[in-house]
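In: just coords:
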């Protein structure tokens, strides 16, 4: 198995977990916080997708799906188009209300399609390319892709747990 095949499979698995967490929820359920400052399902999935979209677009040298395909306008969230959810306060998280599960799943499908396209074109040698010199040691493409995958998996698990607390 090629590394790109393995990465495509792993990212597809994350997509399925995110889909399962969201599918069939109402806008109210997507925004319901399991605790006073806890992150709701809608925000968790939106954030995971925004980070994946942002980071993969950066290493691919392309525009994010969020803006390129008009999702920023369709979601109409009270945040900057470049926002990914990283570092948001509790009040800012509460303001990110996903309009519908259907729209969130459309964004999920679009991000997964772009990710699949990018990952499918990689060779094993590409994974050694340095993509971020700000760290010691510098971050390679392979490390960045696994970092995004790790973050997505954590948020997918949190979203599944939060959904379970909703009784769904």
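Out: Structure received. Quick caveat, the model's predicted, so the values are computed rather than measured.
In: which one is residue 144 nearest to, not counting chain neighbours?
Out: Distances taken as C-beta to C-beta, 6 or more residues apart in numbering place residue 131 nearest to residue 144, at 5.3 Å, with adjacent residues excluded. No exception for glycine: its C-beta is placed from N, CA and C like everyone else's.
In: Regarding that neighbour, what is its secondary structure?
Out: Of the three states, residue 131 takes strand according to DSSP: H, G, I helix; E, B strand; the rest coil.
In: Roughly how far does residue 140 sit from residue 19?
Out: 29 Å (C-beta to C-beta, to the nearest Å).
In: how close does residue 145 get to residue 99?
Out: Distance from residue 145 to residue 99, counting by C-beta to C-beta: 30 Å.
In: tell me the contacts of the spatially most central residue of the chain?
Out: Nearest residue to the geometric centre of the chain (C-alpha atoms, centre = their mean): residue 49, 1.7 Å. Contacts for residue 49 (C-beta atoms under 8 Å, 6 or more residues apart in numbering) come out as 18, 104, 107, 108, 111.
In: Out of the residues you listed, which is nearest to residue 33?
Out: Residue 33 lies nearest to residue 104 out of the contacts of residue 49, by C-beta to C-beta, at 16.7 Å.
In: Report pLDDT for the nearest residue to residue 26 once chain neighbours are set aside.
Out: Spatial nearest neighbour of residue 26, excluding adjacent residues (C-beta to C-beta, 6+ apart): residue 101 at 7.6 Å. For residue 101, the pLDDT comes out at 98.
In: cool, residue 122 as well?
Out: pLDDT, residue 122: 96.
In: What is the neighbour count of residue 23?
Out: Here the number of neighbours of residue 23 (other C-beta atoms under 10 Å) works out to 14.
In: any idea how far residue 100 is from it?
Out: 11 Å.
In: Could you do residue 45 as well?
Out: From residue 45 to residue 100 the distance is 12 Å (C-beta to C-beta).
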